[in-house]
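Colleague: Below are the sequence and a predicted model; questions follow.
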Amino acid sequence: MRRKIPPLQTLVCFDAAARHESYTRAAQELALTQSAVSRQIGTLEAFLGVALFRRTRHGVALTASGAAYARQITKRLEAMERDTLDAMAHQGEGGSLSLAAVPTFATRWLMPRLKGFAALQPDVVVHIETRTRPFLFADAEFDAALYAGTPAQVENWAGTHALLLMHEDVVPVCSPSLLPRGKAVAPAAIAKMPLLQQSTRPDGWRQWFDAQQIDAPNARGGPRYELFSILAAAASHGLGVALMPTMLVADELARGELVVACARPLSGERNYYLVTPERADQRPLLKFFSDWLLAQARQEPGRETA
């Protein structure tokens, strides 16, 4: 089957011209003449039957159709470049996996375990990029996503299959300097301490205090941080008490930089999942990674997957 695809050089010229919105700067980047870039763009517009650029007093600007096409072409060219570099690196052996991941879970939980995966699959490269929200796999070049969310969120993630890795329990942690003699305190004492908030979970502390049957008017007060890693750093430096999954601060707890401020864990409403596109032709390598990841999750102390 002959594919209806423009020549690669034409797409490369368009990508450069679209990024710069300038034929001159695109020509400089590609070591071509401006007229050569202009001819390539004209060829592409004729192929598509669509105007991609419009003339302005200062040069050219993308049309609405051109901007939409540029977003898609840029992603495809980046994917081709990644695949090419992988093939060059592995000389046709092994392969690669591209993962989207919530950042703190990736750095604190997955990274320490990836060496074990590399020992089992030494010719495989695992690429990881940050994503914190659901996305369309059709519009992204990912094989899977490591996602933290509620059951309802993964059920509403269209066109995907979610593998439950582990449930999330959270517990108050802080610097030992904030506690009398560094010892854990009662829930009522936590309510009087400075509380550190996670911006994506504004009701976290309220839910914890409700579970302890403690009236805490300031449950939503205090500085807000987006990522668990920032929250952990703030707590380690004595800025307040943070509500954290212990598996994400295991190193700080082991070093004594953080201590459990109140040994009353709360089963959070969120879980950790491996999310994959819902399609029948799942790659054997992705299946191997899924099985390995689930086995690692089952080794977590006190963690049961369902």
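Modeller: Here it is on my side, so go on.
Colleague: after the helix or strand containing residue 163, next one along is what?
Modeller: For residue 163, the host element (DSSP states H and E) is strand 160-174. Going down the chain from strand 160-174, the next helix or strand is helix 187-190, by DSSP H and E.
Colleague: Give me the next element, helix or strand, following that next one.
Modeller: strand 195-198.
Colleague: Pull out the buried positions in the helix or strand hosting residue 68.
Modeller: Using DSSP H and E, residue 68 sits within helix 64-90. For helix 64-90, burial by neighbour count (16 or more other CB atoms under 10 Å) applies to 66, 69, 70, 73, 86. Quick note: C-beta positions are derived from backbone N, CA and C, even for glycine.
Colleague: For that helix, the averaged confidence score.
Modeller: In this model, helix 64-90 has an average pLDDT of 82.
Colleague: what do you get for stretch 258-266?
Modeller: Mean pLDDT, computed over stretch 258-266, is 95.
Colleague: ok, back up a step: CA atoms only for the helix or strand just after the helix holding residue 68, dumped as CSV, please.
Modeller: Per DSSP H and E, helix 64-90 leads on to strand 95-101 as the next helix or strand towards the C-terminus. Listed next in CSV are the C-alpha coordinates belonging to strand 95-101 (Å, rounded to 0.1, in the frame of the first residue of the first chain):
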residue,chain,number,x,y,z
GLY,A,95,14.0,-2.1,22.3
SER,A,96,12.6,0.7,24.4
LEU,A,97,9.6,1.7,26.5
SER,A,98,8.3,5.2,26.8
LEU,A,99,6.5,5.9,30.1
ALA,A,100,4.5,8.8,31.3
ALA,A,101,4.7,9.1,35.1
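Colleague: picking that back up, show me what the helix holding residue 68 is packed up against.
Modeller: Packed against helix 64-90 by the contact rule (3 or more CB pairs under 8 Å, 6 or more residues apart in numbering; DSSP states H and E) you find helix 8-20, strand 95-101, strand 124-130.
Colleague: Looking at those, spot the one closest to residue 80.
Modeller: Relative to residue 80, the nearest member of these by CB to CB is helix 8-20, separated by 8.3 Å.
Colleague: Would you reformat the helices and strands packed on helix 64-90 as a markdown table and include mean neighbour count, mean pLDDT and distance to residue 114?
Modeller: Formatted as a markdown table, the helices and strands packed on helix 64-90 follow (neighbours: other CB atoms under 10 Å; pLDDT from 0 to 100; distance: least, CB to CB, whole Å):
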| stretch | mean neighbour count | mean pLDDT | distance to residue 114 |
| --- | --- | --- | --- |
| helix 8-20 | 19 | 94 | 32 |
| strand 95-101 | 20 | 89 | 10 |
| strand 124-130 | 15 | 91 | 6 |
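Colleague: thinking again about what came up before, just put the buried residues of helix 64-90 in a markdown table and tack on distance to residue 209.
Modeller: Shown next, in a markdown table, are these (distance: CB to CB, whole Å):
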| residue | distance to residue 209 |
| --- | --- |
| 66 | 53 |
| 69 | 52 |
| 70 | 49 |
| 73 | 51 |
| 86 | 49 |
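Colleague: so what's residue 93 scoring on pLDDT?
Modeller: pLDDT recorded at residue 93 is 52.
Colleague: All further residue positions should be reported with the first residue as 55.
Modeller: Okay, using 55 as the starting number, the last item reads as residue 147.
Colleague: so what are the domain limits for the protein?
Modeller: Annotated domains of the chain cover 62-142, 148-360 [automatic domain parsing].
Colleague: How about the contacts made by residue 213?
Modeller: For residue 213, the contacting residues are 190, 191, 192, 331, 332, by CB atoms under 8 Å, 6 or more residues apart in numbering.
Colleague: Residue 134 too?
Modeller: Per CB under 8 Å, 6+ apart, neighbours of residue 134: none.
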